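Asker: I'll drop the sequence and a predicted model, then ask my questions.
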There are 2 protein chains.
Amino acid sequence: MSDLVRHGGAPFRWAGVPVLAYKEEGTHFRDVTRQVLFEPSGTGAGALDVQLRYFEVAPGGHTTLERHAHEHLVVVLRGPARCLVGERLHDLEVNDVVHVPADTWHQFRTGDEGPLGFLCLVRAERDRPRRPTPEELRALREEPALAAFIRV
Amino acid sequence: MSDLVRHGGAPFRWAGVPVLAYKEEGTHFRDVTRQVLFEPSGTGAGALDVQLRYFEVAPGGHTTLERHAHEHLVVVLRGPARCLVGERLHDLEVNDVVHVPADTWHQFRTGDEGPLGFLCLVRAERDRPRRPTPEELRALREEPALAAFIRV
């Protein structure tokens, strides 16, 4: 990967960066694309052992409701949108910064306004996401606002 | 630090995030501010051991010409501007992504168009930057384009 990944061609597209499916398979998300903007290349003590992705969620779409041991650091580039982190719902605007702690339920959703686009940073080596069991989903849905927000 | 750092109040300012001096002291930079948007809070294997800063360089300003063992991952939020990475000069636009490898000279500069604003990711534990010796500066300036760009 070059030291410069140039934005352009179209809004929120980058030269030489393919627009990928959000995940390989599944029906637990909707209208989400993924572009990988940085992967580790260094090996020294100061090397960044992270992957930086840009995700875009089309109007009416949503990411997977999931949790995992690895953290997310998110910066919103296109909005507005909404997200769930733990048991809290947040309205999101451009340049808001969201931290998803380890083992915390989260989901990003758009309304009809336009796409949600966000940078998402993760450790390069990380565990696989886990979706809620029927029992966990029932517990989340005990809160009416969460029940209305969640898509599975 | 909360799980949501909300942008607002003014453009490229965040609620509860102080606007700091770029560095504690020195005359080797000009008109640069720093806002820290994320610091490590987790401790598990999936924790993000990084700090995310937003730097803003006013028109006519520049960051320090320096290098260090830790890498930088930069995303431009306000532009245009220019930067030096190694021995290459790059024009920068909004949403361009710049990787500064370990031990690589780098400097960011603005013209008169407007401020340069960029996210900069680093490892939380990192070495101190090092400025060029007179000898190293002489070597960099052997290339006329670099000689014209560099500010010290």
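Answerer: Nice, I can see it.

Asker: for the helix or strand bottoming out on mean pLDDT in chain A, packing partners?
Answerer: When the helices and strands of chain A are scored by mean pLDDT, DSSP states H and E, strand A:20-21 comes last with a mean of 90. When contacts are defined as 3 or more C-beta pairs under 8 Å, 6 or more residues apart in numbering or on different chains; DSSP states H and E, strand A:20-21 sits against strand A:30-38. For glycine as for every other residue, the C-beta is placed from the backbone atoms N, C-alpha and C.

Asker: so what are the sheet partners of the strand it packs on and their directions?
Answerer: Strand A:30-38 has the following strand partners under DSSP bridges: strand A:20-21 (antiparallel), strand A:50-62 (antiparallel).

Asker: mean neighbour count added to those strands, as JSON lines?
Answerer: Shown next, in JSON lines, are the strands paired with strand A:30-38 (neighbours: other C-beta atoms under 10 Å in any protein chain shown):
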{"stretch": "strand A:20-21", "mean neighbour count": "12"}
{"stretch": "strand A:50-62", "mean neighbour count": "19"}
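
Asker: using CSV, please lay out those together with distance to residue A:130.
Answerer: Below are the strands paired with strand A:30-38 laid out as CSV (distance: least, C-beta to C-beta, whole Å):
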stretch, distance to residue A:130
strand A:20-21, 20
strand A:50-62, 17
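
Asker: least confident of the ones you listed, on average?
Answerer: Set side by side, these differ in mean pLDDT, and strand A:20-21 is lowest with a mean of 90.

Asker: how about residues contacting that strand?
Answerer: By C-beta atoms under 8 Å, 6 or more residues apart in numbering or on different chains, the list of residues contacting strand A:20-21 from outside reads A:33-36.

Asker: next one: that strand to chain centre, how far?
Answerer: Relative to its parent chain, strand A:20-21 has a centroid offset of 13 Å by C-alpha atoms, centre = their mean, to the nearest Å.

Asker: again, but for stretch A:104-113
Answerer: Its chain's C-alpha centre and that of stretch A:104-113 lie 9 Å apart, by C-alpha atoms, centre = their mean.

Asker: OK, contacts around the residue nearest to residue A:117 when sequence neighbours are not counted?
Answerer: Among residues not flanking residue A:117 along the chain, residue A:78 sits closest, at 3.4 Å (C-beta to C-beta, 6 or more residues apart in numbering or on different chains). When contacts are counted by C-beta under 8 Å, 6+ apart, residue A:78 touches A:12, A:56, A:94, A:114-118.

Asker: show the buried residues in the contacts of strand A:20-21.
Answerer: Using 16 or more other C-beta atoms under 10 Å in any protein chain shown as the burial test, the contacts of strand A:20-21 include A:33-35 as buried.

Asker: switch those over to a markdown table; also include distance to residue A:72 and pLDDT.
Answerer: Formatted as a markdown table, these follow (distance: C-beta to C-beta, whole Å; pLDDT from 0 to 100):
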| residue | distance to residue A:72 | pLDDT |
| --- | --- | --- |
| A:33 | 17 | 95 |
| A:34 | 13 | 96 |
| A:35 | 16 | 97 |
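
Asker: show me which of the contacts of residue A:78 has the smallest pLDDT value.
Answerer: Minimum confidence in the contacts of residue A:78 sits at residue A:114, scoring 86.

Asker: the helices in chain A, which residues?
Answerer: For chain A, applying DSSP state H gives helices covering A:134-140, A:144-149.

Asker: let's have these in a markdown table, adding mean neighbour count and distance to chain B.
Answerer: Shown next, in a markdown table, are the helices of chain A (neighbours: other C-beta atoms under 10 Å in any protein chain shown; distance: least, C-beta to the nearest C-beta, whole Å):
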| stretch | mean neighbour count | distance to chain B |
| --- | --- | --- |
| helix A:134-140 | 12 | 17 |
| helix A:144-149 | 13 | 16 |
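
Asker: mean pLDDT added to those helices, as a markdown table?
Answerer: A markdown table is the format used below for the helices of chain A (pLDDT from 0 to 100):
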| stretch | mean pLDDT |
| --- | --- |
| helix A:134-140 | 97 |
| helix A:144-149 | 97 |
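
Asker: what's the closest of the contacts of residue A:78 to residue B:136?
Answerer: Relative to residue B:136, the closest of these is residue A:12; by C-beta to C-beta it sits at 38.5 Å.

Asker: give the bridge partners for the nearest residue to the closest one once chain neighbours are set aside, please.
Answerer: Excluding the flanking residues, the one nearest residue A:12 by C-beta to C-beta, 6+ apart is residue A:117, at 5.3 Å. For residue A:117, the beta-bridge assignment (DSSP bridges) gives partners residue A:56, residue A:78.
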